[in-house]
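**Q** Sequence and predicted structure are below.
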Amino acid sequence: MSFSSKIFVRGLATSAKQWSPIKTVTIIGSGLMGSGIAQVAASTGHKVTVVDQTQDIVDKASASIKKSLSRVVKKKFPDDPKAQQTYIADTMGHLTLQTDAVSAVKSADLVVEAIVENLDVKRKLFATLDEAAPQHTVFASNTSSIPIKDIAVATKRGDRFGGLHFFNPVPMMKLVEVIRIPETSEETYNALEAFGKAVGKKTVQCKDEKGFIVNRLLVPYMVESIRLAERGDASTRDIDVAMKLGAGYPMGPFELLDYVGLDTIKFILDGWHESDPTNPLFQPCESLNKLVKENKFGMKTGEGFYSYDK
Ligand SMILES: CCCCCCC[C@H](O)CC(=O)SCCNC(=O)CCNC(=O)[C@H](O)C(C)(C)COP(=O)([O-])OP(=O)([O-])OC[C@H]1O[C@@H](n2cnc3c(N)ncnc32)[C@H](O)[C@@H]1OP(=O)([O-])[O-]
Ligand SMILES: NC(=O)c1ccc[n+]([C@@H]2O[C@H](COP(=O)([O-])OP(=O)(O)OC[C@H]3O[C@@H](n4cnc5c(N)ncnc54)[C@H](O)[C@@H]3O)[C@@H](O)[C@H]2O)c1
């Protein structure tokens, strides 16, 4: 077969591959979000490989996925222990957990990144994976606050790059935001949207703007809640009760702040303030900075706006 026809065939194969549904998924990062994304992908029949930095971390991820699955099956198959065990075994049977990212992307249709919220680390990872992954593989980041385009520049596949922003806890939250950058092709967007639906989520589409949809509205709301308490207008408890009973939120803003992590909120707010310093919604927040300075990040450290049994 001549060189040019080889390119043509490969081109067809590649382009044909882009239209096929995502079946094999690699998730880089097995923390709070990566393990949740892996769980919902594996429990909906996808072949999933999860990667993290050490065997100890991936072992912990495996255990937390099993723990979460045991909570899911109690609701899904009440009084049917056999069905519960089968569901857990089938899901775990679709999951491979390892520490080598390069080999993990060799046959991936989709790579979802859910590693530390650090642009340089994300770029370094994607640059490496761009060399290792097949041409047809779609890349997506689960970042909360970094513009997808700033991550995608590390690769040569802007047309096969997007954002899949899941919500914490992934097994429970029914939404995934599908984010396009200008280069994202129609095929890529369709594949990402179809994957979001295939893992049981409702998908919404948005541009690659600060906070996408939910965080852009939630972060200012939560920071304004802190300012309301700082002024002494109401207590944190009463603000939480008010928003749960008055607005129907499952958690009040201070419960949610402690749940998501005060360090994460501060990181996001500082980033948005830096890039838009006059925006009143993004002004720094004194009591948030004080708690983070004292390493009081919320549930994950045992103390934030509230104290928790560790
Ligand atoms: C936010 C602004 C920006 C911040 C930073 C970025 C954030 C990020 O980018 C965006 C977000 O995620 S924003 C954050 C978006 N997220 C939110 O806003 C969260 C809002 N909060 C909620 O939706 C609810 O409070 C929860 C669903 C978290 C807990 O439900 P609850 O009723 O309050 O209390 P419950 O008793 O605990 O659980 C009841 C049952 O649910 C089931 N189950 C629960 N967790 C499970 C898991 N991990 N696995 C499996 N199953 C799980 C289980 O069956 C359990 O029964 P069990 O007998 O205990 O096993
Ligand atoms: N926590 C949330 O509520 C939430 C919700 C939506 C999106 N996000 C986003 O998801 C991403 C992950 O957040 P998280 O809360 O799961 O963080 P996490 O700290 O729980 O997990 C991050 C994981 O990535 C691993 N990691 C870091 N660098 C790595 C590398 N180079 N290769 C492989 N693994 C690496 C870490 O070991 C860790 O296990 C972030 O971008 C965050 O903004 C977080």
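**A** Ah, there it is. Numbering: from 1, shown residues only. Ligands and ions are numbered 1, 2, ... in the order given.

**Q** Up against ligand 1, what does the stretch 1-150 of the chain have?
**A** Residues of the stretch 1-150 of the chain found near ligand 1 (CB under 6 Å from any ligand atom) are Ser68, Arg71, Val72, Lys75, Ser144. Backbone N, C-alpha and C define where each C-beta goes, glycine included.

**Q** what about whatever residue of the stretch 201-310 of the chain ends up closest to ligand 2, neighbour count?
**A** Nearest residue of the stretch 201-310 of the chain to ligand 2: Val260, at 4.6 Å (CB to the nearest ligand atom). Using other CB atoms under 10 Å, Val260 is surrounded by 25 other residues.

**Q** what residues are up against it?
**A** Taking CB atoms under 8 Å, 6 or more residues apart in numbering, we find Val260 in contact with Asn168, Gly298.

**Q** That one and Phe297: what is the separation?
**A** Counting by CB to CB, to the nearest Å, the gap from Val260 to Phe297 is 10 Å.

**Q** go on, Asn142?
**A** For Asn142 relative to Phe297 (CB to CB), the value is 20 Å.

**Q** higher neighbour count, these two?
**A** Asn142 (24 against 21).

**Q** Model confidence for the more buried one, exactly?
**A** Note for Asn142: predicted pLDDT of 98.

**Q** Return the backbone torsion pair for it.
**A** Phi and psi for Asn142, reported as degrees, to the nearest 10, are phi -100, psi 20.

**Q** ok, it touching Asn168?
**A** No - counting by CB atoms under 8 Å, Asn168 is not a contact partner of Asn142; they are 10.3 Å apart.

**Q** so how far is Asn142 from the residue in the chain positioned nearest to ligand 2?
**A** Nearest residue of the chain to ligand 2: Gly31, at 1.9 Å (CB to the nearest ligand atom). Distance of Gly31 to Asn142, computed by CB to CB: 10 Å.

**Q** repeat for Leu281
**A** 24 Å.

**Q** same thing with Lys47?
**A** 19 Å.

**Q** which SS state does the residue in the chain that ligand 1 sits nearest to fall under?
**A** When distances are taken as CB to the nearest ligand atom, the chain reaches nearest to ligand 1 at Ser144, 3.1 Å away. Following DSSP: H, G, I helix; E, B strand; the rest coil, Ser144 is assigned to coil.

**Q** Can you get me a residue count around it?
**A** 21.

**Q** do Phe166 as well
**A** If you count neighbours by other CB under 10 Å, Phe166 ends up with 22.

**Q** Would stretch 238-253 count as contacting ligand 1?
**A** Yes - applying CB under 6 Å from any ligand atom, one finds stretch 238-253 in contact with ligand 1 at Pro250, Met251.

**Q** List the contacts of that stretch.
**A** Tyr221, Met222, Ser225, Ile226, Leu228, Ala229, Ala234, Phe254, Glu255, Leu256, Tyr259.

**Q** how about it as CSV, C-alpha atoms only?
**A** Extracted in CSV, the C-alpha atoms of stretch 238-253 (Å, rounded to 0.1, in the frame of the first residue of the first chain):
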residue,chain,number,x,y,z
ASP,A,238,-29.1,30.6,60.5
ILE,A,239,-27.8,31.4,57.0
ASP,A,240,-27.5,27.6,56.3
VAL,A,241,-31.0,26.9,57.7
ALA,A,242,-32.4,29.9,55.7
MET,A,243,-31.0,28.7,52.4
LYS,A,244,-32.0,25.1,52.9
LEU,A,245,-35.6,25.9,54.0
GLY,A,246,-36.0,29.2,52.1
ALA,A,247,-34.3,28.2,48.8
GLY,A,248,-34.5,24.4,48.9
TYR,A,249,-30.8,23.9,48.8
PRO,A,250,-29.7,20.4,50.0
MET,A,251,-26.8,22.1,51.9
GLY,A,252,-26.5,25.6,53.3
PRO,A,253,-23.6,27.7,52.0
